[in-house]
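Undergrad: Build me a model from this:
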Amino acid sequence: MEVSRSLLLVPVVVLLALASESGGQSSQCTSRQQECQAIGTAYYQVTFQGDWVIPSPPENHRFSPLVGMTHSACATLWSPGEYASPGVREVAENGTNSTIRAEIMDYGDHSLSIVEAPGFELVELGSTTTNFSVDAFHPLYSAVAKAGPSPDWFTGIAGVSLCDMDEWLSTLEVNVFMWDAGTDHGRNYTSENVQSDPRQAIELLTPGSARSIVFASGAQSGIPIGRLVFSRISVDEDRIASNPNCQTCGRVGDRPGVHNCSCEEGCFSTGTAIYYVKLTTHWSNPPPPPVAEFSPLTAVSHSQCSVLWRNLVYATQGIQTVSETGNSSHLHAEIMNLGNHVGDMLTSGLIDSTGAVSGLIKVDQYHPVISLISMIAPSPDWFIGLDSIPMCSSNGWLQSVQYRLLPWDAGTDSELSFTLVNSPTFPHDRVTRIRSSTEPAGSVFSGREETPFATITFERVDLLDSPLPSSSSPTPCSSCNDTVHCTRSYDVITNNTLVAAFDTAECPGGFVSESNLIAYCIIAALCGIALGGVLVFVIAYYRAKQSKKNLYDPARGSSMSSQDASPQKTTSQKEYRSMMF
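TA: Okay, here's the model as predicted:
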């Protein structure tokens, strides 16, 4: 049965009901709405059609690029009656979307995708179109666009669902109105910038509104300035929805660990996939101090119901210790305590600021995600890492994937530069990504272009039939001393071309640093020189013994006289000493 809807006149009360708390997620929310049981991933086209007639528009009136997201019920872009976030304020006042994009990314697994469409001028009836996807855990769509010129007015929708019980809507049409962000006190299209102090909540602009004089007296209320038209393109029933509850149970306020949640793994790939992992560091911006490096890397494959660290979650003692000192022993103990939620673990030695480490890690159906962390050293509490990246897709285990590693703040120290000076943050803040736009003026990141500190690649090199043992957490490879004991060779193939060849380790861990390989070669050369010296000593000793035996010459048939023997014996002793030393 095809399902369609038309919301030609959306009352304010409906919008209020659709929206949840602004600028954050409720700790009581359930990511999967009870009414959405639709299967698979649905793909939509959305067209924003401008129809700005009332209030009477100024010349060259226009809409900025439409920016929004598909999301769960635990995420909110904006909400009537709530304060605008910095990102919504930037859109409403300037028509730019860099901050709101960062806010969407900060929702992590509760945001499925960022949805953007170009802006347009309304010389004639204008429109803009883009595509997006939704699933059962992310059935909602929210968006904003500046209505300009104006002080802080915008249009958009908040939390409209594309799901109707167990079906995806075939079409949907939603009228959009003009809203005041509550951040600028201007009341006309061309008012000067006057910041609202105190700022006010988001409010619908209507005739008689104290925030605007653009509506003519007695003008009709509830006239839209445009509409959003959604058309379903297709549904991929085989694409498994990603459960953000599985990724972020107790996300706000709770600490990482194993959570009591209904965890739908969403991974049906069989066997054990082995990945070749290479971390390449390229610390350049901000410029590193004279002595700069990264602490030993810890990488773990684990279940989706366990968390090593997470954005907007307080750091554990282990994460704090790594990010402040680089010592990972406490973190390894926390990993061991996760029990059979951990599949495999890899560790490395120290990593140069522009260097590389590589190694192997295993994943299976029950441990399909990978998390990792390494301290940016020296720093107060900054690190690079990944949180629960999935190696499994609807088509099986990923063949290859690459990530850029940006800097994170553990929220436990308040220093602003590359230093080991201890200035504890009390109480602790949550883990957040370091962004130049939000850093204090004294920070080394303030005003700088955001560039990655490292790049990490995962290349699948083998697939075993049996899953990983899940009875206990693997033991870190300490006895191997970060060296590789070869048991089986693997080749990394990309586009049918051999790009790397390496061997597995007998131990469960063991990243091998490329700089360490050079050291191993030097040590091997020194050992060769030492063995050569021992061999020379043995030969010399043997020749000395032969010289002693020659003091008596059987060919002469008699013993040497004391006069003859004495100088010959002396000569023999000198030869022996010279051979010995």
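Undergrad: what sits against residue 353?
TA: 281, 283, 288, 292-294 (Cβ atoms under 8 Å, 6 or more residues apart in numbering). (Each C-beta comes from the backbone N, C-alpha and C, glycine too.)
Undergrad: go again using 6 Å as the cut-off
TA: Contact analysis of residue 353 by Cβ atoms under 6 Å, 6 or more residues apart in numbering lists 283, 288, 292-293.
Undergrad: Tabulate these (a markdown table), appending secondary structure.
TA: Shown next, in a markdown table, are those (DSSP: H, G, I helix; E, B strand; the rest coil):
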| residue | secondary structure |
| --- | --- |
| 283 | coil |
| 288 | coil |
| 292 | coil |
| 293 | strand |
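Undergrad: Name the member of those residues with the most neighbours.
TA: residue 283 (24 neighbours; other Cβ atoms under 10 Å).
Undergrad: Give me the pLDDT value at that one.
TA: Here, the pLDDT recorded for residue 283 equals 95.
Undergrad: show me what contacts it?
TA: Residue 283 sits next to 353, 453 when contact means Cβ under 6 Å, 6+ apart.
Undergrad: swap in residue 47?
TA: Neighbour list for residue 47: 127, 129, 229 [criterion: Cβ under 6 Å, 6+ apart].
Undergrad: Identify the bridge partners of the last one.
TA: Which is residue 229. Beta bridges link residue 229 to residue 47, residue 173 when assigned by DSSP bridges.
Undergrad: measure it to residue 44 for me?
TA: In this structure, residue 229 and residue 44 are 10 Å apart, going by Cβ to Cβ, to the nearest Å.
Undergrad: The two: which has the busier surroundings?
TA: residue 44 (23 against 16).
Undergrad: where does the protein have its least confident helix or strand?
TA: Ranked by mean pLDDT, DSSP states H and E, the helix or strand of the chain with the weakest confidence is strand 489-494, at a mean of 29.
Undergrad: The stretch 401-550 of the chain: strands as residue ranges?
TA: Ranges of strands in the stretch 401-550 of the chain, per DSSP state E, counting those that start in this stretch, are 408-409, 432-433, 454-464, 489-494, 497-503, 512-513.
Undergrad: Those: lowest mean pLDDT?
TA: Going by mean pLDDT, the lowest-scoring of the strands of the stretch 401-550 of the chain is strand 489-494, which has a mean of 29.
Undergrad: Quick check: of the contacts of residue 353, which lies closest to residue 369?
TA: Distances from residue 369 to the contacts of residue 353, taken as Cβ to Cβ, are shortest for residue 283 (26.4 Å).
Undergrad: Got the phi and psi for that closest one?
TA: The phi/psi pair for residue 283 (degrees, to the nearest 10) reads phi -70, psi 110.
Undergrad: For residue 445, see how far away it is.
TA: Distance of residue 283 to residue 445, given as Cβ to Cβ: 13 Å.
Undergrad: who does residue 69 bridge with?
TA: residue 114, residue 142.
Undergrad: Show the pLDDT at it.
TA: For residue 69, the model assigns a pLDDT of 93.
Undergrad: Residue 92 falls within a helix, correct?
TA: Yes - membership of residue 92 in a helix is supported by three-state DSSP.
Undergrad: burial measure for it, as a count.
TA: Neighbours of residue 92 (other Cβ under 10 Å): 30.
Undergrad: That one - nearest residue in space that isn't next to it in sequence?
TA: Leaving aside its sequence neighbours, residue 92 sits nearest to residue 181 (Cβ to Cβ, 6 or more residues apart in numbering; 3.8 Å).
Undergrad: Likewise for residue 386?
TA: The shortest distance from residue 386 to any non-neighbouring residue, by Cβ to Cβ, 6+ apart, is to residue 372 (5.2 Å).
Undergrad: does that neighbour have beta-bridge partners, and which?
TA: residue 299, residue 386.
Undergrad: what's the burial count for residue 171?
TA: Residue 171 sits with 14 neighbouring residues when counted by other Cβ under 10 Å.
Undergrad: From residue 354, how far out is it?
TA: According to Cβ to Cβ, residue 171 and residue 354 sit 53 Å apart.
Undergrad: again, but for residue 272
TA: Computed as Cβ to Cβ, the residue 272 to residue 354 distance reads 33 Å.
Undergrad: of those two, who's got more company?
TA: Each of residue 272 and residue 354 has its neighbours counted (other Cβ under 10 Å); residue 272 has more, 22 against 14.
Undergrad: Neighbours of the spatially closest residue to the more buried one that is not a sequence neighbour, how many?
TA: Distances taken as Cβ to Cβ, 6+ apart place residue 464 nearest to residue 272, at 4.3 Å, with adjacent residues excluded. Around residue 464 there are 13 other residues, counting by other Cβ under 10 Å.
Undergrad: Residue 192: neighbouring residues, count only.
TA: Residue 192, neighbours per other Cβ under 10 Å, totals 9.
Undergrad: oh, I was asking about residue 64
TA: Residue 64 has 21 nearby residues by other Cβ under 10 Å.
Undergrad: Make sure it is actually in contact with residue 94.
TA: No - the criterion here is Cβ atoms under 6 Å, and residue 64 misses it with residue 94 at 8.2 Å.
Undergrad: where exactly do the strands run in the stretch 251-400 of the chain?
TA: Ranges of strands in the stretch 251-400 of the chain, per DSSP E, counting those that start in this stretch, are 272-281, 293-294, 298-302, 342-347, 351-352, 356-364, 369-377, 382-390, 392-393, 396-397, 400-405.
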